[in-house]
Each structure stands twice: as C-alpha cells, then as structure tokens.
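Peer 1: Sequence and predicted structure, then a few things I'm wondering about:
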Amino acid sequence: TYTGFHALSNWGVIQDHGLFLLSLYFNREDWQALAIRRLDKNIHHAVFRDGSQFEQSPMYHCEVLHCVANTVLLARQNHIDLPKRFVEKVRKMFLALHTWTKPNGYLFCQSDSDEIMAGDLLMCGALLYQEETLAYRAQGELFEQNYWYFGLQAETLLASLPTMQGVTSQALTDSGNYLLLANEKHETGYVRFHLGRLGGGHGHVDQLHISAGIKGGDCLIDSGRYTYVENSTRLQLKEASAHNLVRIDGEDFTEVLNSWGFGKRAVPLPAKHVYTEKVDYVHGAHLGYLHKGIVPVRKLVFVKEANLLFIMDLFYGEGEHLYEQFWQIGNRNYHLHEHTIYLEGNDASCSLHFLDKDVDITVNPSLYSLRYNELLDGKRVCVSRTTAGFYCMPTILSLNTSSRVSPIQWEEHDVLSTLSDIPLSRDKVRGY
C-alpha cells in the first residue's frame, strides 16, 4: 500500500528502502526503479534545504537517513545510478545530523527523540562522503556497523580523510535549529536554540526553547517523549512547561489536542544569528500570543571563552500579565540562594542567575524521559512575575567544567545614548 502519507513520512522511506533491497535480491529492475523514484520524491519534499527532515525529530531524521544512506552505499557497490539531487540531499542530511548532536555525538531529545549515540551514522557519512567533520563528531570511532557496510575498506577510507577537525557554531535556518559551541572540542560548552518548524505529529510545543550543557553533561534538558500512548503523561511532555521557554498567563502558545494533533499554533518569526570567534548571538520571536497583543522575543548572547549565556526575554505588549520562564534541570542536585540556582553533578555544573529581583522562583517535581518507555523523576524551575506594559526578564546561565559551581558577580549599569551620552531610562533599557 502506498498513499500520500507514505510520500512524505518516515514510514514511506522505510518501506521503499525495503523495496530497494528486495529489488537487488530478486534482480527486479522494475521494483528498483519504483523504489528509487519514490525515495527521491520523498527526500526532495520532506527534507529542507538545510538538510533537516521536516518532522523535526533528530531520531526520526536518523531513521530516514539510515535508509537513504544505505541506498546510496548499495547503489555505488552495484553500479546503480541515482538522481544527483537525491545523493546531494543525503549528504546535507549527514551535515544536519552533525548540528543535531551534542559535541559528544549524542542526539538532543528534541520533539519525539531519545538520547542515543549517533556516532555510527556520523562515521558512515564521513566514509561515504569523505567529510572529516563528521568523523570528528563521531570521535574517530568506526563502530561495528560500518565494518558491515564498508568491510575492511572502512579503515582505509578513514585513514584517507584529511586531518579530523571539528567545527564551531552551526545553524539550520530553514528548520530553525541553532547550535552554539564555545570551541571545537568534544567537552566544550554548548547551547541549542529552536525557533521554527513544529514538525507535524512528532513535534512538541518548544518555540524559543534552549538546551545547554558542558563536558557531555546536560544542565538544561528537553523532557523527551516517553510514550506514544494517548495519556496525560504523553500530553504533559509535549506541552510548553516541559521545555525551557516562556509562557504568558498560564496559556500555551500552541495547543496540544492529543498524542498527534495540534489546535492553535504559534507562527514563528525568522530567527537572526551572528556567529563570531568570541561571541555568538541569536534572537527570535513568535506570534503565539498575538491574540493577547503581546509578542515574546528571546535574545541570546553566548560568550565562548567564559561559557556564559546571556538570556534576554522581552515581552512587547500592554496590560497586566503573568510572565513565566521554565527551566528543566533533570535530576541534578540544586541549591537556591536568593536569585541564583546552583546545579551540580558528577560531570559538570552550572548556575542560573535571575537578574530581576522582583520575580518569584519555585522548584517543583517534573517528569522527563531519555529513552522510550523510561520515565524519570526530575525537577523544573519556574520563574514568574505579574506586571504591566513592556517587560524584560534577564537571565545569565554559567556553564562550568568542574563538578562544583564557581559563583559569578554581576552589576547593573546605565546605558548611554549613542547620540548624546545621556543615560537611557532603565524602564526602557538596562545594562549588566
């Protein structure tokens, strides 16, 4: 059975990859031509120009990529011609996967995804397309799967790559995924920012979400998926409060109807980013609260050498509203002191500094999942304030390479007009 659903979904790719394998086994050129035509059509429509698969799940991106990469490999080994656009799109999918993994090669739990090691697939792409940056993210390991794919030639292909090196910050602008890296090393500090495509049924309510960590340890997490069963836990892990973002008046900006459906959806505005050697900058907004006359904007400034992330949440609107920030901290030990929360662990540590002294800070139990059918007890920090008119909620995230947090100090300063050197009103702009 082949329908319009199969022409776009990961199911269609899995099905037609199987048809391609059967065509080789039974020497059926008609099956082969049909499989290639369907795979080419699916990848052309379902994968954005930046290489990310439209469902916005790194794990399902891997599932699709595994199938089409194997098709490219077997076609080469059997001297079968494939459409050039298909082969190039598969290469872009490997590069997108590089952006969708942490520096240690594990997937982010974005949307319906698990935290799994993607090094085997990254190394497959490195050997298939001679991309040394993919081999670096896989930490130079071939993995058993690639011996099955490439035989002993895998070692020769790996040795023939240019000197393996990493890359710094990356952006998938068509889908709205941004990865900020302090440096090229595997244990570097990292921040993931999402503002873009919802991704269909596998998507979560995660516009303006950030995840962050250092030394392979997560400090701010995405709560994951846990299950596809239609129940309250499934819905809870898809909603806004299961992510690291802002909410207004206790109302989600995108409405979750059931396990696979959405009602009202927030329209994301295109994010802007500037990456430099020392500092990265990203900002974006969405229109999920336009019916309230409010536009939330999140601005990120990542100071790489210091592993400091400055987060400015701006709310443009009128009237009195409840503004909330959510921070998922998993099972890390925490200590709340005044307006700073310290998070410690065996691998690394971090701290969140809330610069508005008038906010309320609470830490409550929450749920999260790193693997399907595995539900874990965690904690969620909620920072809130009810106020009127324009509001700015500034936060500093400090990532530390040691297991204990090093305190930081900050001060508030006047901001001077570039035209007259006159201090601007602190109701309008503040400096820290």
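Peer 2: Arrived safely.
Peer 1: In terms of helices and strands, where is His45?
Peer 2: helix 29-46 (DSSP states H and E).
Peer 1: Mind giving me the packing neighbours of that helix?
Peer 2: Packing partners of helix 29-46 (3 or more CB pairs under 8 Å, 6 or more residues apart in numbering; DSSP states H and E): helix 10-26, helix 58-77, helix 84-99. Glycine gets a C-beta too; all of them are placed from N, C-alpha and C.
Peer 1: list the helices and strands the strand ranked longest in the chain packs on?
Peer 2: Criterion DSSP state E: the longest strand present in the chain is strand 374-388. Here strand 374-388 touches strand 320-330, strand 360-371, strand 391-400, going by 3+ CB pairs under 8 Å, 6+ apart.
Peer 1: Neighbouring strands - and their directions - for the longest one?
Peer 2: For strand 360-371, sheet partners with direction are given as strand 374-388 (antiparallel), following DSSP bridges.
Peer 1: got the buried residues for the partner strand?
Peer 2: Within strand 374-388, the residues that qualify as buried are Gly378, Lys379, Arg380, Val381, Cys382, Val383, Ser384, Arg385, counting by 16 or more other CB atoms under 10 Å.
Peer 1: average model confidence for the longest strand of the chain?
Peer 2: If you average the pLDDT over strand 374-388, you get 98.
Peer 1: relative to strand 391-400, how tilted is that strand?
Peer 2: With axes from the mean of the first three to the mean of the last three CA atoms, to 10 degrees applied, the angle from strand 374-388 to strand 391-400 works out at 140 degrees.
Peer 1: For strand 374-388, what is the distance to the chain centroid?
Peer 2: 20 Å (CA atoms, centre = their mean, to the nearest Å).
Peer 1: tell me the angle that strand makes with strand 320-330.
Peer 2: Using the same axes, to 10 degrees: strand 374-388 against strand 320-330 is 150 degrees.
Peer 1: so which of the buried residues of strand 374-388 comes closest to Ile311?
Peer 2: Using CB to CB, Val383 comes nearest to Ile311 of the buried residues of strand 374-388, at 10.8 Å.
Peer 1: Contacts only, for the residue nearest to the closest one when sequence neighbours are not counted.
Peer 2: Leaving out its chain neighbours, the residue that sits closest to Val383 by CB to CB, 6 or more residues apart in numbering is Gln325, at 4.2 Å. Applying CB atoms under 8 Å, 6 or more residues apart in numbering to Gln325 gives the contacts Asn244, Leu245, Val246, Asp313, Val381, Cys382, Val383, Ser384, Met393, Thr395.
Peer 1: Low-confidence ranges, this structure, go.
Peer 2: Within the chain, the set of residues satisfying pLDDT under 70 comprises 402-410, 417-421, 424-432.
Peer 1: Now that we have the helices and strands packed on helix 29-46, can you turn them into CSV and tack on distance to Asp347 and mean neighbour count?
Peer 2: CSV is the format used below for the helices and strands packed on helix 29-46 (distance: least, CB to CB, whole Å; neighbours: other CB atoms under 10 Å):
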stretch, distance to Asp347, mean neighbour count
helix 10-26, 32, 17
helix 58-77, 21, 21
helix 84-99, 22, 19
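Peer 1: In TSV, list those along with distance to Val297.
Peer 2: Listed next are the helices and strands packed on helix 29-46 as TSV, based on distance: least, CB to CB, whole Å:
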stretch	distance to Val297
helix 10-26	33
helix 58-77	26
helix 84-99	23
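Peer 1: between those helices, which gets nearest to Ile214?
Peer 2: Here helix 84-99 is closest among those (CB to CB), at 18.0 Å.
Peer 1: Give me the contacts around the following helix or strand past the closest one.
Peer 2: Downstream of helix 84-99, the next assigned helix or strand under DSSP H and E is helix 119-129. Helix 119-129 is contacted from outside by 62, 65-66, 69, 72-73, 91, 94-95, 97-98, 101, 105, 131-135, 137-139, 141-146, 149-150, 154, 157-158, 161, using CB under 8 Å, 6+ apart.
Peer 1: if we go to 6 Å?
Peer 2: Outside helix 119-129, the residues within contact range by CB atoms under 6 Å, 6 or more residues apart in numbering are 62, 69, 91, 94, 105, 134-135, 137-138, 141-143, 145-146, 150, 157.
Peer 1: same thing with stretch 270-279?
Peer 2: Ser169, Ala171, Tyr178, Leu195, Tyr281, Val282, His283, Gly284, Val303, Lys304.
Peer 1: was I right about the second one contacting Asn177?
Peer 2: Spelled out, that is Ala171. No: at 7.5 Å, Ala171 and Asn177 do not qualify as touching, with contact defined as CB atoms under 6 Å.
Peer 1: Which one of those two is surrounded by more residues?
Peer 2: Asn177 (25 against 19; other CB atoms under 10 Å).
Peer 1: For the more buried one, which residues count as its bridge partners?
Peer 2: When assigned by DSSP bridges, Asn177 has beta-bridge partners Leu172, His194.
Peer 1: Any figure for the gap between it and Leu322?
Peer 2: 29 Å (CB to CB, to the nearest Å).
Peer 1: What's the local residue count around the closest residue to Ser111 other than its chain neighbours?
Peer 2: Closest residue to Ser111 apart from its sequence neighbours, by CB to CB, 6+ apart: Ser57 at 4.3 Å. By other CB under 10 Å, the residues close to Ser57 number 29.
Peer 1: which residues sit in contact with Ser57?
Peer 2: Applying CB under 6 Å, 6+ apart, the residues contacting Ser57 are Ser111, Asp112, Ser113, His202.
Peer 1: mind redoing it with 10 Å?
Peer 2: Taking CB atoms under 10 Å, 6 or more residues apart in numbering, we find Ser57 in contact with 10, 63-64, 100, 107-114, 199-204, 225.
Peer 1: what about Ala334, which helix or strand?
Peer 2: Actually, residue 334 is Tyr. It isn't Ala. strand 333-337.
Peer 1: Could you list the paired strands of the next helix or strand after that strand along with their orientation?
Peer 2: The first helix or strand that comes after strand 333-337 along the chain, using DSSP H and E, is strand 340-344. Partners of strand 340-344 in the sheet, by DSSP bridges, are strand 333-337 (antiparallel), strand 349-354 (antiparallel).
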